[in-house]
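>>> fold the following, please.
(chains A and B)
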Amino acid sequence: MSEHFDAIVVGAGPSGNACAYTMAKAGMNVLQIDRGEYPGSKNVQGAILYSDALERIIPDFRDSAPLERHVSELRFWMLSETSNTSASHRNDGFEDGKPDRYTILRAPFDKWFSKKVREAGAVLITETTVVDLVKNDKGKVIGVLTDREGGPIYADVVVLAEGVNGVVGQRAKLRPELKPQHVALAVKETHFFPEEVIRERFNLQGEDDGVVIEVLGSVTSGMVGTAFLYTNKESISIGVGCLLADFAKTKIPPYELLDRFKRHPAVVPLLRGGEMKEYVAHLIPEGGYDAIPNLTGDGWVIVGDAGQFVNAVHREGSNLAMTTGRLAGECLAELKAQGLAPTNDNLKLFRDRLGESFVMKDMKKYRKVPHLLEKNRQLFATYPRAINQVMQAYFRVDGMDKRSKEGIALRNVAKARGGWWSVATDLVKVARAWR
Amino acid sequence: MDEPIIEGLDPPPPAPTGLNILVCIKQVPDSAQIRVHPVTNTIMRQGVPTIINPYDLFALEEAMRLRDEYGGQVTVLCMGPPMAEDALRRALGLGADRAVLITDRRFAGSDTLATSFALATALGKIAEERAIDIVFTGKQTIDGDTAQVGPGIARRMGLNQLTYVSAIDSLDMGRRSIVVRRRSEGGVQVLRSALPCLITMLEDSNVVRRGSIQDMLRAARAPVTIWSAEEAGVEDPLKCGLRGSPTVVKRVFAPSPREESAEMVTVEGKDPARIGEAIIDLIFARDPKLEVALTATAS
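The predicted model follows:
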């Protein structure tokens, strides 16, 4: 006879773990299924952990979670082929000693999170792929079918936390297939260094201080995307991500794009002498608000990347995943406590609560950004180059008076976009999408 | 599920019948993903996934195959740090019935001598419940490569040892004997042994099964018996861990990478045969010795 659970969570990433943990803590009988060899073995991220989202789930996570460095400095680079204009923000005074973000390595972090989930009482099985949902004759989801023998497993509700390209929701037609313009492909390498080399190279003060560098400009070869460089304890994560549709159009292989970034004069000295030990690739849902599928139905809920919850502008994703997972878990536990079935109608509770949260508000705020970027690729190529040219010309001491330099600099910006009108239009477009 | 279960009373354990098989497994770092610290040359265990020693999986599968055919119980036994429980849980998920972990700080730093002492002692303890028919191990572990622990256990327990076994031909429960194929340097030996015995299994001797969804659920929830050195019956601390290990590691070093160079050769054309010829010509032009050697072999 097959077992019956209160809930089955498909996937052991940030959203699945947040959801399973919340439900198990509330006393629900939870089964979590992951296809990886161990929880997290298939999970890939930059990776930055935002404290707030996790703190709301496991308040004392700092005591036991494997964190690499807390990010005390954010640097923004704008690159042309040979130059770099940058800005940075540094903060050494964290109130109450609780930094708001950390670099992490996903394999150990996910293992830790998963252990917490199991300690909370959820049952986890790995190396098992959910291949389809089981529905009753009324179309309500009542369980899952896996790639192992032994038939289906049943539950009151199935939470799809299966990630950006999870096939279960797509196969069951709960969510549409990914479109290449709605998804970015990111590639990342991890380079190893002795700890002190990282500290010196990045000007880090404390033992656990870290730096995050976000990069715009020539590095994406005109494609919509960004690059990044994060400091871990004994390694550096370096990567670049662009819209899949753009990779398809330019035919530039992703690893070549990353190689170009690594060869940029601003990056070369940071990577010197390291040993590359890992190369991974991952899809990131970047379709924004308009690409969010239906999130609930009779007996099912979608959370995390599977629901396209990524704020591409602010490089936030895992925190949205944890928050959507937590909210779904809380709502499902509340319904259960009230003796209400997880029908689509009753799950309005989740949809409402999500709508009130920062997650939906942010997704809505940047609703127009994906459309803007898709049609205005100059923002990624022309402006970074123009800004670098302006800086170069302006700071060069060559016998020209400063007023003339200012004039030339301004004219150069206009020239790069074919006139002031275009520059003004771009500004308006960006302002509108941001609003 | 037909039998009524009286509340408050556990159902009586099934009477032990059939074979009592013990499989010793080890949790090892996945050597395919291991990293050597670029500065200190030591193995970086942090972040390296651990697996069940792959050779042990063939032992486990063979044990479960015998159980399925002749009835009985398969118990997996492991010595290691507390995290080795993961390996035992995986073994349960593959279909083992019971798992025992012996873990103690006093076991730390054990070489093969101390390991076989601890395992043999724990096996003796298990045998107190019910006599063991067969002890299985893999032929060796991928992290130590010594192949000494299996024979060490056999010697200490006074069991016939059948090493490098590629197949079990038959088992006679009445006469309590087993016939196995053993790979030796000159060929294959067919050996008959009385039970109990110890068998170390060769790789590829079987295809390791995938547990059912019920096996996985049971494994996720089943209790793993955890014994300290004392609970495992280990009384002499001088025979354990570092103190019981005469092996001394004199030096650890990372072998320097081999001088290898790859080169891409491009040949234009549409006719596959001609492209093939052209590529071979290119290779021979680069390495005339290869041409001499190959043509000599061909003729």
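
>>> what's stretch A:169-183 in contact with?
By Cβ atoms under 8 Å, 6 or more residues apart in numbering or on different chains, the list of residues contacting stretch A:169-183 from outside reads A:131-133, A:135, A:141, A:160, A:162, A:164-165, A:243-245, A:248, A:283-287, A:291, A:293-294, A:297, A:300, A:302, A:306-308, A:370, A:374. Every C-beta, even on glycine, is put in place using the N, C-alpha and C of the backbone.

>>> from the chain's centroid, how far away is stretch A:34-46?
Remark: stretch A:34-46 is offset 15 Å from the chain centroid, using Cα atoms, centre = their mean, to the nearest Å.

>>> with chain B in mind, check whether that stretch reaches it.
Yes. Using Cβ under 8 Å from any Cβ of the partner chain, we find that stretch A:34-46 touches chain B at A:37-38, A:41.

>>> out of those residues, which are buried?
A:38, A:41 (16 or more other Cβ atoms under 10 Å in any protein chain shown).

>>> does any bit of stretch A:188-206 sit next to chain B?
Yes. Stretch A:188-206 lies within reach of chain B by Cβ under 8 Å from any Cβ, at A:192-194.

>>> select only the buried ones of these in PyMOL?
Per 16+ other Cβ under 10 Å, the buried members of the residues of stretch A:188-206 next to chain B correspond to this PyMOL selection:
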select buried, chain A and resi 192+193
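
>>> the contacts of stretch A:169-183: which ones sit near chain B?
Of those, not one also sits near chain B (Cβ under 8 Å from any Cβ).

>>> now, those residues that are in strands?
Among those, the members falling in strands (DSSP state E) are A:131-133, A:135, A:141, A:160, A:243, A:283-285, A:297, A:300, A:302.

>>> derive a ChimeraX selection command for the buried subset of those residues.
To isolate the buried ones among the ones in strands among the contacts of stretch A:169-183 in ChimeraX, judged by 16+ other Cβ under 10 Å, type:
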select /A:133,135,141,160,243,283,284,285,297,300,302
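
>>> got the domain boundaries for chain B?
As recorded under automatic domain parsing, the domains making up chain B are B:19-244, B:261-299.

>>> show the average pLDDT along the longest one.
Okay, so that is domain B:19-244. Averaging pLDDT along domain B:19-244 yields 90.

>>> now the end-to-end length of it.
Domain B:19-244 stretches 33 Å from its first residue to its last (Cα to Cα, to the nearest Å).

>>> show the pLDDT at the closest residue to A:V30 other than its chain neighbours.
Spatially, and ignoring its direct neighbours in sequence, A:V30 is nearest to A:A122 (4.1 Å; Cβ to Cβ, 6 or more residues apart in numbering or on different chains). What the model reports for A:A122 is a pLDDT of 96.

>>> give the contact list for A:A122.
Applying Cβ under 8 Å, 6+ apart, we find A:A122 in contact with A:9, A:20-21, A:23-24, A:30-32.

>>> can you give me the distance of the residue in the stretch 301-435 of chain A that chain B sits nearest to to A:T103?
Using Cβ to the nearest Cβ, A:S318 is the residue of the stretch 301-435 of chain A that sits closest to chain B, at 18.3 Å. Look at A:S318 and A:T103: by Cβ to Cβ, to the nearest Å, they are 12 Å apart.

>>> ditto for A:A416
A:A416 is 35 Å from A:T103, by Cβ to Cβ.

>>> and the two? Which one has more around it.
Set A:A416 next to A:T103 and count neighbours by other Cβ atoms under 10 Å in any protein chain shown: A:T103 wins out with 24 against 19.

>>> look at the nearest residue in space to that one that is not next to it in sequence and report its pLDDT.
Counting by Cβ to Cβ, 6+ apart, A:E68 is the residue found nearest to A:T103 once chain neighbours are left out, at 4.3 Å. On the pLDDT scale, A:E68 is placed at 93.

>>> go on, the one 10 residues further on?
According to the prediction, A:M78 has pLDDT 92.

>>> quick one: contacts for it?
Residues counted as contacts of A:M78 (Cβ under 8 Å, 6+ apart) are A:84-86, A:215-217, A:383-384, A:387-388.

>>> save those residues as TSV, and put in pLDDT and secondary structure too.
Shown next, in TSV, are the contacts of A:M78 (pLDDT from 0 to 100; DSSP: H, G, I helix; E, B strand; the rest coil):
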residue	pLDDT	secondary structure
A:N84	91	strand
A:T85	92	strand
A:S86	92	strand
A:V215	93	strand
A:L216	91	strand
A:G217	90	strand
A:Y383	85	helix
A:P384	86	helix
A:I387	86	helix
A:N388	87	helix
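
>>> are any of those residues buried, and if so which?
Buried members of the contacts of A:M78, scored by 16+ other Cβ under 10 Å, are A:84-85, A:215-217, A:383-384, A:387-388.

>>> where does A:E278 sit: helix, strand or coil?
Using DSSP: H, G, I helix; E, B strand; the rest coil, the structure places A:E278 in strand.

>>> now it. Nearest residue, chain neighbours left out?
Once flanking residues are discounted, A:E278 sits nearest to A:T190: 4.0 Å by Cβ to Cβ, 6+ apart.

>>> most neighbours of all the contacts of A:A122, which one?
Neighbour max across the contacts of A:A122 (other Cβ under 10 Å) = A:V9, 36 neighbours.

>>> which strand residues bridge that residue?
Per DSSP bridges, the residues bridged to A:V9 are A:Q32, A:V159.

>>> that one against A:A20, yeah?
Yes. Using Cβ atoms under 8 Å, A:V9 is in contact with A:A20, at 4.5 Å.
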